[in-house]
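J.: with the sequence up front, the predicted model follows.
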Amino acid sequence: MRELTYIAPGKLEWRERPDPAIQTPNDAIVRPLAATTCDLDQLIIHGRSPFAGPFAIGHECLGEVVAVGENVRLHCVGDVVVVHWHISCGHCVRCTSARPNSCASHQPGAMYGLPGMGDWGGTFSDLLRIVSADTALTPVPPGIDLAGVASAADNLPFGYEFTVPHLAAAPGAEVLVMGGCGSIALYAVMFAAAAGASRVVYHDVDRDRLAIAERLSAEVVDGAVPRSAGSFPIVVDASANAASLMCALRSVEPEGIVSSVGGHFKDEPMPLFEMYRRGVRFYTGRGRGGPNVATVLEWVADGRIDPTIIVSAVAPFDNAPDVLATPSLKPVLIRPAIHAQIGGRKSHA
Ligand SMILES: [Zn+2]
Ligand SMILES: [Zn+2]
C-alpha cells in the first residue's frame, strides 16, 4: 500500500509499505476516505517545525472500516468513521478519565503521523491499523459533508475544547482569538459564536483567514500584534507566534483562562508577575481529541456549525504530494468516488 511520506520542506512523496494487518482481536483496519492537514502538518511541510523527514505524515481523517477483529463490537465493515488522532487503549486510568491523548498503555505521545511517537503510519495512506477500535473510532452521522468534517479528529474538536466548556461556565462571555497558526483559530471563532459568546474578537494578518472570521461574525483586527488586546474572560492563542502568545496572556480578565494550541517549539519568557497580579489560568496541550469527537459531529449534523467554510481545497487523494506542497488553510484529499459526488466543489487550482 501507499503512504504519504514527508521528506523535507515542500517535498512529499508516496512510498510503499506492507499492508497493516489485524494484530489483536480489538483491532480494525480502516481505509482513509478523506484526510486533511492539522495546522501542525502545515508548519512541518513548510519548514516551520523541528520535525525532520522522512516520516509518514497526517493524523486527521475519516475512513471506511474494511476489517475488524473478533472483539470489536461497535463498528462493522463498511462503516464510515472518524479515526481519533491519538493511539489509546480505552481502559487505562487516563483513557477512562477523558485523557486518551496521553494513554498510559502506549509510549508517551503515541499518535499517527509524527516521528518519535511510534510507527503507526499516517492518515494520508491506503490503509491504517486501528488499535482498540471500539474506543478509537467514532461513526460519522449520515448526511453531512465529509470534506467539512475531515478534521473531526483533531483541529475541529480543538476549537470546541477551548471555547464551549468555558462559555458553558460563563454564558455570553467575550472571547479573544489570536489567529495565525491556521484552522484551529477559526474553528474556535465558529464554536464561540455558536455557543453564545456576546463578542468574538479575532486577530490575524492573513486576509483570507480574516475574511472567514468576519463571515463567522467575529470582530476582526488586521495588523501588528498589540501589547494587549483588551480584557477577555476567555482567550485562545492559536497563533504559533510568540508576540501573539504574550498579547494573549496580557489580554485576559482577572481569573480568566488562556488556552494555547501550541506551535511554539522553544522556550518563551512569560510575563509572570503581571499574570500573578491579575490571576491567569494558562493551559497548553495537544487537545483531548476522542472525548469531543461525537459532540462536535452532532453540532455539525444539527446545523449549529458549518465547518465547510474552513475547507480551502478539495482534491483527489492521489494528488496529495503536489496539493500539500502548496500552503493552504485546510486542503482535503478525498477518494475519487466522493470527489465525484461533491463535484470537486473547491478543486485545487
Ligand atoms: Zn494535530
Ligand atoms: Zn489508555
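T.: Happy to help now that I have it. Residues are numbered from 1 along each chain as shown. Ligands and ions are numbered 1, 2, ... in the order given.
J.: CA atoms for contacts and neighbours, from now on please.
T.: Fine.
J.: give me the residues contacting stretch 316-330.
T.: Applying CA atoms under 8 Å, 6 or more residues apart in numbering, the contact partners of stretch 316-330 are 4, 10-14, 34, 36-39, 42, 45-46, 124, 182-183, 310-313, 315, 331, 333-336, 339, 348.
J.: weed out the non-buried ones from these.
T.: Buried subset of those (neighbour count, 16 or more other CA atoms under 10 Å): 4, 10-14, 34, 36-39, 42, 45-46, 124, 182-183, 310-313, 315, 331, 333-335, 339, 348.
J.: near ligand 2, list only the ones from those residues.
T.: Filtering these for proximity to ligand 2 by CA under 5 Å from the ion leaves nothing.
J.: per-residue pLDDT of the nearest residue to Gly90 once chain neighbours are set aside, please?
T.: Distance criterion CA to CA, 6 or more residues apart in numbering; nearest residue to Gly90, sequence neighbours excluded, is Thr135 at 5.7 Å. We have a pLDDT of 96 for Thr135.
J.: show me the contacts for Thr135.
T.: 88-90.
J.: what do you get for Trp299?
T.: Applying CA under 8 Å, 6+ apart, the residues contacting Trp299 are Ile305.
J.: and it, which of the three is it?
T.: helix (DSSP: H, G, I helix; E, B strand; the rest coil).
J.: from ligand 2, how far out is it?
T.: 27 Å (CA to the ion, to the nearest Å).
J.: would you mind measuring from that residue to Ala152?
T.: 11 Å (CA to CA, to the nearest Å).
J.: same check, this time on Ser49
T.: Counting by CA to CA - Ser49 and Ala152 are separated by 23 Å.
J.: between the two, who's got more neighbours?
T.: More crowded of Ser49 and Ala152, by other CA atoms under 10 Å: Ala152, with 32 against 16.
J.: tell me how many other residues crowd the residue lying closest to the more buried one once chain neighbours are set aside.
T.: Take Ala152 and drop its neighbours on the chain: the residue closest to it by CA to CA, 6+ apart is Val293, 6.2 Å away. The number of residues packed near Val293 is 25, by other CA under 10 Å.
J.: over to Ala67?
T.: 19.
J.: doesn't it fall inside a helix?
T.: No. Counting by three-state DSSP, Ala67 falls outside a helix, being strand.
J.: that one touches Asn26, doesn't it?
T.: No. Ala67 is beyond contact range of Asn26, at 11.0 Å (criterion: CA atoms under 8 Å).
J.: all strands for the stretch 51-200 of the chain, in order.
T.: Taking DSSP state E, counting those that start in this stretch, the strands of the stretch 51-200 of the chain run over residues 55-56, 60-68, 80-83, 128-130, 137-139, 174-178, 199-204.
J.: turn those into TSV, including distance to Ala98.
T.: What follows is these, written out as TSV (distance: least, CA to CA, whole Å):
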stretch	distance to Ala98
strand 55-56	27
strand 60-68	19
strand 80-83	16
strand 128-130	19
strand 137-139	15
strand 174-178	25
strand 199-204	28
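J.: turn those into JSON lines, columns for distance to ligand 2.
T.: Supplementary listing: those in JSON lines, determined by distance: least, CA to the ion, whole Å:
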{"stretch": "strand 55-56", "distance to ligand 2": "23"}
{"stretch": "strand 60-68", "distance to ligand 2": "20"}
{"stretch": "strand 80-83", "distance to ligand 2": "16"}
{"stretch": "strand 128-130", "distance to ligand 2": "14"}
{"stretch": "strand 137-139", "distance to ligand 2": "14"}
{"stretch": "strand 174-178", "distance to ligand 2": "32"}
{"stretch": "strand 199-204", "distance to ligand 2": "36"}
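J.: and those: which comes nearest Glu219?
T.: Judged by CA to CA, the one of the strands of the stretch 51-200 of the chain that comes nearest to Glu219 is strand 199-204, at 4.7 Å.
J.: what's the next secondary structure element after the closest one?
T.: helix 207-215 (DSSP states H and E).
J.: can you spell out which helices and strands pack onto that following helix?
T.: helix 183-194, strand 199-204, strand 219-222 (3 or more CA pairs under 8 Å, 6 or more residues apart in numbering; DSSP states H and E).
J.: mind listing what's buried in it?
T.: Buried-residue list, helix 207-215, by 16+ other CA under 10 Å: 209-210, 212-214.
J.: pick out whichever of those residues sits closest to Ala238.
T.: Arg209 (12.4 Å).
J.: looking at the stretch 101-250 of the chain, which residue is nearest ligand 2?
T.: Distances between the stretch 101-250 of the chain and ligand 2 by CA to the ion are smallest at Cys103, namely 3.7 Å.
J.: how many residues are close by that residue?
T.: Counted with other CA under 10 Å, Cys103 comes out at 23.
J.: swap in Ser198?
T.: For Ser198, using other CA under 10 Å, the count is 12.
J.: then the one 4 residues further on?
T.: Summarising burial for Tyr202: neighbours were counted as other CA under 10 Å, giving 27.
J.: beta partners for it?
T.: With DSSP bridges as the criterion, Tyr202 is bridged to Val177, Val220.
J.: so who does it touch?
T.: Counting by CA under 8 Å, 6+ apart, Tyr202 has contacts 176-179, 189, 210, 213, 218-221.
J.: make it 6 Å
T.: 177-178, 220 (CA atoms under 6 Å, 6 or more residues apart in numbering).
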